[in-house]
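Novice: Fold the following for me, if possible:
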Amino acid sequence: MSQIPVQHTNRRQPRLAHECVVGELFGRAPIYDAIFSCISPHTLVRIGRCCRAAYAAIKDFSHRAYNIHRHLSRYLSEPLNFRSLQARTGTLIAGSNALQFLDRTFYPKSDMDLYVHPGHVREVLDYLVEREGYRFKPDSTQPQDYREIVSDEWDGTQIRDESPEDDELLLYYQIRGVESVLTIEKRGPDGLLKIQIIACETSPFDAIINFHSTCVMNFIAFDAAYSLYPVATFEKKETLSVWRARPLHDLTVVIKYGERGFAWISTLPAGTSPRNSAFYPFTDRTVGDRYTWKLPLDTRGVALRPQMNPSSSIFQCDPVIYNGWALERVQHGMGTVYKAIKSSVFRYNYTTTNYKLNFKLWLFAIEQGFLSRILLENNLLDKESWPWFDTEIASSWETFKDDFLSFIRRDST
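Specialist: This next block holds a predicted model:
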């Protein structure tokens, strides 16, 4: 009797029918692309935990679905150079553009909003006009030349006055944190392209955290994209109002985001617990905490921030990661609450709800600020060599990350 030839292999053959199906599903990009494109980011993460094949498929899909250069190329001919500008200036992309990127969707006629730190607005505008070919489109109150509005000289050594609101917890939302809005436009292959540059009074994060509702509290830095309320935004398609900048009868934004699929929630019911809400109320939050969705971006080729001057330590991360806040009940609604960290010894401004961190940095700022100002007034230090100590923010942030005492008094019951 002749023997049937057997091909020997070290590869284990699937023994169950579902193993064959998994191999077919997660081994073919056209198949899993069609499936993954229809499910939420949270579900993608859960599928990726099923097995190695699923993880590899999710990783491959995400690399293409979250391609930041492709996303930016609608507005920018040189995305990599723009991201180097972001790294240098701490500029954040926010609003509906960041929401579209993370949600893998597209809103027709939407623009791109750039939130810019004090002292960097002119640099960002000059880049977009000179390198990308945009033209300034003033409103009825602005001159034709943006250089008449935005100076290329910024004096960060001046004492940063605190408004009465800064001296207390910020319990009331205002259109605060925005100094001016400048619009630039150019004609693209598919029509008119518009970018709005939001010149922030304090910081981009301070403006973003006071947006009208939670579904737009997302932003793109040079090295990562962030969503502060990812489960509510992408899984439940809900947005919680924290907006008191316009009267409640102004429903334009409510209608707009309702048309985009979001259910608008005016406030949280009494008795809502942090444990059963996707908005994580009554909880001290920080950017990048366990409730944040952080999507790392490929930074190959991005030029990081150079040393600000010889007197300052190298500080190359995005300042946004050193910010904190809480969502608390204020009168009849919900509002963002935090303390501002503002001092001329720091190049950028920050926010926190950590009393110990704030107190430590306050003492440091008083001592170092007094010393630097004495040197400046006696011509032993010039403004160009004014030392920035943002690295002190970074080290103190790590020190007090687990040594936390909140400003906010909450009912323990």
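
Novice: Phe82 reaches Ser73, doesn't it?
Specialist: No - using Cβ atoms under 8 Å, Phe82 is not in contact with Ser73; the gap is 10.1 Å. Glycine gets a C-beta too; all of them are placed from N, C-alpha and C.

Novice: more crowded one of the two?
Specialist: Higher neighbour count among Phe82 and Ser73: Phe82, with 24 against 12, using other Cβ atoms under 10 Å.

Novice: Would you list the phi and psi of the more buried one?
Specialist: phi -70, psi -40 (degrees, to the nearest 10).

Novice: Where does the residue lying closest to it once chain neighbours are set aside sit, in terms of helix or strand?
Specialist: Counting by Cβ to Cβ, 6 or more residues apart in numbering, Leu76 is the residue found nearest to Phe82 once chain neighbours are left out, at 4.9 Å. Using DSSP states H and E, Leu76 maps to neither a helix nor a strand.

Novice: Am I right that Trp325 falls within a helix?
Specialist: No - assigned with DSSP: H, G, I helix; E, B strand; the rest coil, Trp325 falls outside any helix and is strand.

Novice: Next one: it, what pLDDT does it get?
Specialist: The model reports Trp325 with a pLDDT of 96.

Novice: Distance of it relative to Ile58?
Specialist: 31 Å (Cβ to Cβ, to the nearest Å).

Novice: if you count what's nearby, which of those two comes out ahead?
Specialist: Between Trp325 and Ile58, counting by other Cβ under 10 Å, Trp325 is the more crowded of the two (25 against 21).

Novice: OK, contacts around that one?
Specialist: If you count contacts by Cβ atoms under 8 Å, 6 or more residues apart in numbering, Trp325 has them with 209, 285, 336-338, 351, 353.

Novice: Could you save the residues you listed as CSV and add columns showing distance to Phe359, neighbour count and pLDDT?
Specialist: Output for these, formatted as CSV (distance: Cβ to Cβ, whole Å; neighbours: other Cβ atoms under 10 Å; pLDDT from 0 to 100):
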residue, distance to Phe359, neighbour count, pLDDT
Ile209, 22, 25, 93
Arg285, 19, 22, 96
Thr336, 21, 23, 92
Val337, 17, 22, 92
Tyr338, 15, 25, 94
Thr351, 15, 24, 97
Thr353, 13, 23, 96
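
Novice: Could you single out the nearest of the residues you listed to Asp152?
Specialist: Within those, the smallest distance to Asp152 is 27.5 Å, found for Thr351 (Cβ to Cβ).

Novice: isn't that closest one right next to Ala326, touching?
Specialist: No - between Thr351 and Ala326 there is no contact under Cβ under 8 Å: 10.3 Å.

Novice: list the residues that contact both of those two?
Specialist: Tyr338.

Novice: what's the spacing between the residue nearest to Asn81 when sequence neighbours are not counted and Glu148?
Specialist: Distances taken as Cβ to Cβ, 6+ apart put Arg131 closest to Asn81, at 7.0 Å, once the chain neighbours are dropped. According to Cβ to Cβ, Arg131 and Glu148 sit 21 Å apart.

Novice: before we move on, back to that, want to throw the contacts of Trp325 into a markdown table with distance to Ile408 and secondary structure?
Specialist: Shown next, in a markdown table, are these (distance: Cβ to Cβ, whole Å; DSSP: H, G, I helix; E, B strand; the rest coil):
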| residue | distance to Ile408 | secondary structure |
| --- | --- | --- |
| Ile209 | 15 | coil |
| Arg285 | 11 | strand |
| Thr336 | 11 | strand |
| Val337 | 6 | strand |
| Tyr338 | 9 | coil |
| Thr351 | 13 | strand |
| Thr353 | 6 | coil |
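
Novice: ok, so of the residues you listed, who is nearest Thr267?
Specialist: Thr267 lies nearest to Thr336 out of the contacts of Trp325, by Cβ to Cβ, at 13.7 Å.

Novice: Restricting to C-alpha, output stretch 293-309 in PDB.
Specialist: The C-alpha atoms that make up stretch 293-309 are tabulated as PDB, following Å, rounded to 0.1, in the frame of the first residue of the first chain:
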ATOM      1  CA  TRP A 293      -7.100  59.200  25.700                       C
ATOM      2  CA  LYS A 294      -3.600  60.000  24.600                       C
ATOM      3  CA  LEU A 295      -2.700  59.000  21.000                       C
ATOM      4  CA  PRO A 296       1.100  59.300  20.400                       C
ATOM      5  CA  LEU A 297       2.100  60.600  17.000                       C
ATOM      6  CA  ASP A 298       5.100  59.800  14.900                       C
ATOM      7  CA  THR A 299       7.700  62.500  15.700                       C
ATOM      8  CA  ARG A 300      10.400  61.400  13.300                       C
ATOM      9  CA  GLY A 301      11.700  64.500  11.600                       C
ATOM     10  CA  VAL A 302      10.100  67.000  14.000                       C
ATOM     11  CA  ALA A 303      12.600  69.600  15.200                       C
ATOM     12  CA  LEU A 304      12.100  70.000  19.000                       C
ATOM     13  CA  ARG A 305      12.200  73.300  20.800                       C
ATOM     14  CA  PRO A 306      15.800  74.700  21.100                       C
ATOM     15  CA  GLN A 307      17.200  76.100  24.300                       C
ATOM     16  CA  MET A 308      15.200  79.300  24.900                       C
ATOM     17  CA  ASN A 309      18.400  81.200  25.900                       C
END
